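S.K.: please find the sequence and the predicted model below.
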Amino acid sequence: MKIKKLQELYDNIASIAKEAERDNSDVSLLIASKTQPIEAIEPLLLAGHRLFGENRVQEATEKWVLLKNKYPDIILHLIGSLQTNKVKEAIKIFDLIETLDREKLALALQKDAPNIPCYIQVNTGEETTKSGITPQHFDEFMEFCRKDCKLNIQGLMCIPPVNEPSAPHFALLHDMASHHNLTKLSMGMSNDYELAIKMGATSIRIGSALFGDRAI
Ligand SMILES: *Cc1c(COP(=O)(O)O)cnc(C)c1O
């Protein structure tokens, strides 16, 4: 039963936060609901959960316009990459963009949604297959987003490489954020969220630990 799993997750997050001497309210659970139908999501809303993430603009629009009408205090983050030609559509449904990662996208956001809160996605593992700005280009990009585009940058997000320990990636993201006075850190997924909380995550993104393994 998903509600039982949700409660277990809340409890586990609380106990890890306590162990790490962090305030439980400083760690948010973002439920990654990609590929999940509305019927799988609504019980979580009925249980009071409000923070969710989706990867694709079209899927999010199809599922969440209805749900947001019904539960107006839902907060929806975009956690998948965003094409510049989808920005206008994206800002209608998403409350925060976690995947700002290139100048072209920063310019598109400046034009259409200069106030939307954003996290910059950092490709901490410098993987060619993954999106995100590389650490060596980060300072320059940060400056571009803040000074040139005047975007509302609140934090950083990363997805560590699958075959590597996550700790060095979380540490790097944490250092980069503190260096730029960014308070939000979106890091940690089903397999490494406990570590992420210990290393300063302010939101963890959970899918399979709640819904079970994805078919795709
Ligand atoms: C799907 C997804 C998650 C959740 O991953 P799980 O391993 O299923 O918890 C987190 N972040 C992003 C960006 C995702 O696409």
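M.R.: Cool, the structure landed. Numbers count the residues shown, from 1 in each chain.
S.K.: any residue of the longest helix anywhere in the chain up close to the ligand?
M.R.: Determined from DSSP state H, the single longest helix within the chain is helix 2-19. No - no part of helix 2-19 sits close enough to the ligand to count as contact by C-beta under 6 Å from any ligand atom; the gap is at least 10.6 Å. (C-beta placed from N, C-alpha, C; glycine too.)
S.K.: can you give me the neighbour number for the residue of the chain found nearest the ligand?
M.R.: The ligand sits closest to residue 207 of the chain, with a gap of 2.8 Å, by C-beta to the nearest ligand atom. For residue 207, the count of nearby residues is 21 (other C-beta atoms under 10 Å).
S.K.: how close does it sit to residue 75?
M.R.: With distances taken as C-beta to C-beta, to the nearest Å, residue 207 is found 17 Å from residue 75.
S.K.: likewise for residue 102?
M.R.: Note on residue 102: its distance to residue 75, by C-beta to C-beta, is 25 Å.
S.K.: swap in residue 208?
M.R.: Applying C-beta to C-beta to residue 208 and residue 75 gives a distance of 21 Å.
S.K.: and after the longest helix of the chain, which helix or strand comes next?
M.R.: Next in sequence after helix 2-19, counting helices and strands by DSSP states H and E, comes strand 28-32.
S.K.: name every strand pairing with that next one and say which way it goes.
M.R.: Each strand paired with strand 28-32, and its direction, by DSSP bridges: strand 51-54 (parallel), strand 203-206 (parallel).
S.K.: among those, which is the most enclosed?
M.R.: Stretch with highest mean neighbour count among those: strand 203-206 (a mean of 25; mean count of other C-beta atoms under 10 Å).
S.K.: same question for it, mean pLDDT?
M.R.: Taken as a whole, strand 203-206 has a mean pLDDT of 98.
S.K.: likewise for stretch 49-69?
M.R.: Over the span of stretch 49-69, the pLDDT mean works out to 98.
S.K.: CA atoms only: put that stretch into CSV for me.
M.R.: Output in CSV follows, covering the C-alpha atoms of stretch 49-69 (Å, rounded to 0.1, in the frame of the first residue of the first chain):
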residue,chain,number,x,y,z
HIS,A,49,1.4,15.2,0.1
ARG,A,50,1.9,18.2,-2.1
LEU,A,51,5.4,18.3,-3.6
PHE,A,52,5.9,16.4,-6.8
GLY,A,53,8.3,16.3,-9.8
GLU,A,54,7.7,15.5,-13.4
ASN,A,55,10.2,15.0,-16.2
ARG,A,56,8.3,16.0,-19.3
VAL,A,57,6.2,19.1,-20.1
GLN,A,58,3.5,17.3,-22.0
GLU,A,59,3.0,14.5,-19.6
ALA,A,60,2.9,17.0,-16.7
THR,A,61,0.3,19.1,-18.5
GLU,A,62,-1.9,16.1,-19.2
LYS,A,63,-1.8,14.9,-15.6
TRP,A,64,-1.4,18.0,-13.4
VAL,A,65,-3.8,20.6,-14.8
LEU,A,66,-6.6,18.6,-13.4
LEU,A,67,-4.9,17.8,-10.2
LYS,A,68,-3.8,21.4,-9.6
ASN,A,69,-7.4,22.6,-10.0
